Structure formats: structure tokens, C-alpha cells
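> Quick one: sequence plus predicted model below, questions after.
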Amino acid sequence: MTHVTLDAPPRRRRSGLTLTQWILIAMVVGTVVGWQLPAMAVTLKPLSTIFLRLIKALVVPLVFSTLVVGIAAHGEDLKRIGRLALASLVFFEVMTTIALVFGLIAGNVAHPGAGVSIGAGAPAPLASGKITLASTLEHLVPQSFAESAATNDVLQVVVFAVLFGVALARVPGHPRGVMLGFCQSLAEVSFKMTGLVMLYAPIGIGAAIAVTIGQNGPHVLIGLGKLVLTMYVALIAFIIAVMVPVAVLFRVPLRTFTRAVGGPALIAFSTSTSEAALPLAMERMESIGVPSRIVGFVIPTGYSFNLMGSTLYLAVASLFVAQAGNVPFPLSTQLVLMLTLMLTSKGIAGVARAGLVVLSGTVGQFGLPLQAVAVILGVDAFMDMGRTAINVVGNCLAAAVMARWERLPLQSQPSSALSQPSISL
């Protein structure tokens, strides 16, 4: 697949700042504006909305085309894709289960909700659309691809694309070549469009930060600082104790991998949406040597099944709700909670604050006070940044691990393909 470079033509380059550096500058400026000029910061929301809409417009064609090409390009060799799918799903489930365990341990050790009083009041209404195993299985299969594409339901798009790719691989001769060529072209055009959209990223991301600070104020971290700190400490511990050893075990070159995921992780952190980082994450993984067929299958599928950061957050937040409401929550109930979250976390949309919806449905099933969820809402935007960034890094790690599992070499030294893109002024 053709790689997209975001570098401006040499004759027009007047600034040596990279895209990542511009994004960091925009985040600092957005923080200052949101803090000092909150009223004006809120009015910048259209600038961030434009960026997110542009990115979301790319998700469906990019996911569909890369998945179809990744499967159908191998013709009748579908057994290999089956092995990749099985290995990927096993990896996803093991990693998300470990993330849940880390979240439960962190919540039990730190007791983030012990000093929070949610007050009395009438019970909050139960979240609509109670999540069950049956509803999750039903949701996997789209009743209309157009509807799934219109709502950016990545999980349903993945299922349809897999079925389409398998069917296309079984079509002989000219019809298969025509449709495969169309999907390859669609993928290349989508990556080119990504390059154009990314030029707007500093403006959109800076505005998103300004709006978040302007609406909540910097003081929101004080009241629930312990909850935020607990989750971030747990995420850091998960990275050090799990993700890094996994990378070392499968001989993923850490320096090259870290440089590759830096840009996508920063975008996910600043926008709180995995969708915004999806195109760049796929392009960066291919640039370090992960084959397009693996990238095209593992990363989009991981956006529904490999949400390490989100599952860890849900475990910590659920314990916070129980502790804030002074509800006894023994270990046996926590284990049932973990099993429930393993199901309900699958299919979380890669958009901001989707985890809060799942949290509301989960605590409602366990009879926990939903008022505490409203308390979390004040700092959820800040926690969403960290968990979303870990989701993106975890999906990139899964792609690299699957490549090494198939004994494919990865870049051991930083390559020119990983040089940060520059933006002309």
C-alpha cells in the first residue's frame, strides 16, 4: 500500500517545526486560552468539531478498503487470515483482561471514592438500552451497511468488510481484479486525504483543548484529583509492567515503535477520540514494516476488541462509584463485574465519552448509585485523554506483535518514513 507522507514540497518549506511540535504548541496555547479566557474558549468549539468531522469522514472508507484488500488480496489463502484473526482475538482478550485486573487492583488500593460524598436524593434512572451478551452479539451484524457507515459504527463495518473480503477472495478472474483494484485505490486516496486533514490538526486540537478547559475550568482536577491520579498511575503501571515486556518478548524494536506511535497517541490524547488517530496509526505501523494485510485487519478490529485503556478506566470508575455511594462491593462481586466489563467494553465507539455510557449501564446492573457517575463527568474529559491514548498504543502494539508472531522483520532503526511531517507557514 502506498505510504502517505505529510511533508510539504522542499521549495515551500519555511519552518522546520514538525506536525507533532505544532500540535504540542497548540495544546499549550489552548490550555492558556481555556484557563484565562474561558468564555472565548467555548466559542472555539466549531474549530474542533470541524477537525473531528473531517477525521470521522475518513474512518469508514479507510477501514473498509484496508480490510477488504488485506483479506481478498490473498485469494484462496484464507487459512492464514483465519490464524491471524484467532491469534489477534486471543491477544486482545488477554491484554484487556490484564487491564481490568490492574484497574481493580488500583481501585482497591487507592480507594479513590472514599472521600467523595454524592449526597442523598432519588435514585437516578437506569441507563436505557441495557447491555447484555445477546444485544452485543446482535449488534455485531449490520442490518444495513449504509446505516453502519452513516453512524460510523466501526464494529459493524469491520464485520461487513471481513465478509465482503472473504467473498471477494472466492470470486475468480476479472470481477475480482476490478473490485480489488477499486478497494486498493480507495485506500490510497483515503491516506492522501488523511495527509490533507492532518495539516489542520494543530488548529482543531488546540481548539478542543481550549473548549475542555473553558467549560470545566482548571479547578475540576482538585475535587476528584485522587480518581484521576489513580487511573493515570494504573495506566503507567500497565505500560511498564505489561506492554513493555510484551514488546520485548516479541522482539518489537522499542525505539522505532515509540517514535511511530508518538504522533497517533498524541492526537488521541488531545482529542479524546481513537477515530482521530486511526488513519495516522495505520500509516505509521506500515512505515515500520508491519504488512498492510496485518495493519488492515488488526488495528480496525482492535478498535472494538482491544480497548486496554477503556477497560482499565471502567474498572477504576466502577469501584469509585461503589466507594462514593458507600455500597459494599466484595471481591466476588468484583469478579462478576470484571466478566461483565469484558463484554460491555467490546464495541465501545471510538469517540469521546463513550466509556461513560457503558459505565452508566454497568453500574445500573449492579445496583450502584448512578449519581456518582454524574460526579465523574466533571473530570471524565481529562481521564478520557489518557485511556484513549493507551487504546491507540495498544492497537499499534497488537499489530506489531502479530507481525512478529508471523516471524516478519520490523525496522530495527528509525527510518526516513518515520520522520515527523512538517507544515509550511
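That came through, no problem.
> Low-confidence stretches in the stretch 151-300 of the chain?
Residue ranges of the stretch 151-300 of the chain with pLDDT under 70: 154-155, 212, 216-224.
> can you give me the helices in it?
Secondary structure of the stretch 151-300 of the chain (DSSP state H, counting those that start in this stretch): helices at 154-169, 173-198, 201-216, 220-223, 225-238, 244-249, 254-271, 274-287, 292-305.
> Looking at the ones you listed, which is nearest to residue 397?
Counting by C-beta to C-beta, residue 397 lies closest to helix 244-249 out of the helices of the stretch 151-300 of the chain; the figure is 6.3 Å. Any C-beta I mention is one placed from the backbone N, CA and C, and that applies to glycine too.
> So which of the helices of the stretch 151-300 of the chain is the most surrounded?
helix 274-287 (a mean of 27; mean count of other C-beta atoms under 10 Å).
> what's the angle between that helix and helix 254-271?
160 degrees (axes from the mean of the first three to the mean of the last three C-alpha atoms, to 10 degrees).
> Helix 274-287 vs helix 201-216, what angle?
150 degrees.
> How far does helix 274-287 sit from its chain's centre?
How far helix 274-287 lies from its chain's middle: 10 Å, per C-alpha atoms, centre = their mean, to the nearest Å.
> host element of the closest residue in space to residue 366 that isn't next to it in sequence?
Distance criterion C-beta to C-beta, 6 or more residues apart in numbering; nearest residue to residue 366, sequence neighbours excluded, is residue 337 at 6.4 Å. Here residue 337 sits within helix 331-344, counting by DSSP states H and E.
> what comes up buried for that helix?
Across helix 331-344, burial judged by 16 or more other C-beta atoms under 10 Å covers 334, 337, 338, 340, 341, 344.
> Please tabulate these in JSON lines, including the columns distance to residue 165 and pLDDT.
Shown next, in JSON lines, are the buried residues of helix 331-344 (distance: C-beta to C-beta, whole Å; pLDDT from 0 to 100):
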{"residue": "334", "distance to residue 165": "40", "pLDDT": "85"}
{"residue": "337", "distance to residue 165": "36", "pLDDT": "79"}
{"residue": "338", "distance to residue 165": "34", "pLDDT": "82"}
{"residue": "340", "distance to residue 165": "32", "pLDDT": "72"}
{"residue": "341", "distance to residue 165": "30", "pLDDT": "77"}
{"residue": "344", "distance to residue 165": "28", "pLDDT": "62"}
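> Between those residues, which sits nearest residue 140?
Using C-beta to C-beta, residue 344 comes nearest to residue 140 of the buried residues of helix 331-344, at 13.9 Å.
> Packing partners of the helix holding residue 337?
helix 78-110, helix 133-140, helix 308-324, helix 354-365 (3 or more C-beta pairs under 8 Å, 6 or more residues apart in numbering; DSSP states H and E).
> closest to residue 149 out of those?
helix 133-140 (15.4 Å).
> Can you report how many residues lie near residue 241?
Close neighbours of residue 241, defined as other C-beta atoms under 10 Å, add up to 11.
> Can you tell me which of the helices and strands packed on helix 331-344 is packed in deepest?
helix 308-324 (a mean of 28).
> by how many degrees do that helix and helix 78-110 diverge?
Angle of helix 308-324 versus helix 78-110, following the same axes, to 10 degrees, is 30 degrees.
> avg pLDDT for helix 308-324?
What helix 308-324 shows for mean pLDDT is 89.
> any chance of the helices of the stretch 151-300 of the chain in JSON lines, plus distance to residue 409?
Below are the helices of the stretch 151-300 of the chain laid out as JSON lines (distance: least, C-beta to C-beta, whole Å):
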{"stretch": "helix 154-169", "distance to residue 409": "26"}
{"stretch": "helix 173-198", "distance to residue 409": "23"}
{"stretch": "helix 201-216", "distance to residue 409": "31"}
{"stretch": "helix 220-223", "distance to residue 409": "44"}
{"stretch": "helix 225-238", "distance to residue 409": "28"}
{"stretch": "helix 244-249", "distance to residue 409": "15"}
{"stretch": "helix 254-271", "distance to residue 409": "12"}
{"stretch": "helix 274-287", "distance to residue 409": "14"}
{"stretch": "helix 292-305", "distance to residue 409": "13"}
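> wait, which of those helices is closest to residue 84?
With C-beta to C-beta, the closest approach to residue 84 among these belongs to helix 292-305: 6.3 Å.
> which other helices and strands contact that closest one?
Using 3+ C-beta pairs under 8 Å, 6+ apart, helix 292-305 is in contact with helix 45-72, helix 78-110, helix 154-169, helix 274-287, helix 371-405.
> The last one vs helix 274-287, what angle?
This points to helix 371-405. Per the same axes, to 10 degrees, the angle that helix 371-405 makes with helix 274-287 is 10 degrees.
> what's the average pLDDT for helix 371-405?
Helix 371-405 comes out at a mean pLDDT of 84.
> List the contacts of the residue nearest to residue 141 when sequence neighbours are not counted.
Among residues not flanking residue 141 along the chain, residue 159 sits closest, at 6.2 Å (C-beta to C-beta, 6+ apart). Residues near residue 159 by C-beta atoms under 8 Å, 6 or more residues apart in numbering: 140, 141, 142.
> residues contacting residue 186?
Per C-beta under 8 Å, 6+ apart, neighbours of residue 186: 61, 64, 65.
> Can you report how many residues lie near the last one?
In other words, residue 65. The tally of other residues near residue 65 (other C-beta under 10 Å) stands at 23.
> That one against residue 190, yeah?
Yes. Assessed by C-beta atoms under 8 Å, residue 65 is found in contact with residue 190 at 6.4 Å.
> Residue 387: what's it in contact with?
Counting by C-beta under 8 Å, 6+ apart, residue 387 touches 231, 235, 309, 310, 312, 313, 355.
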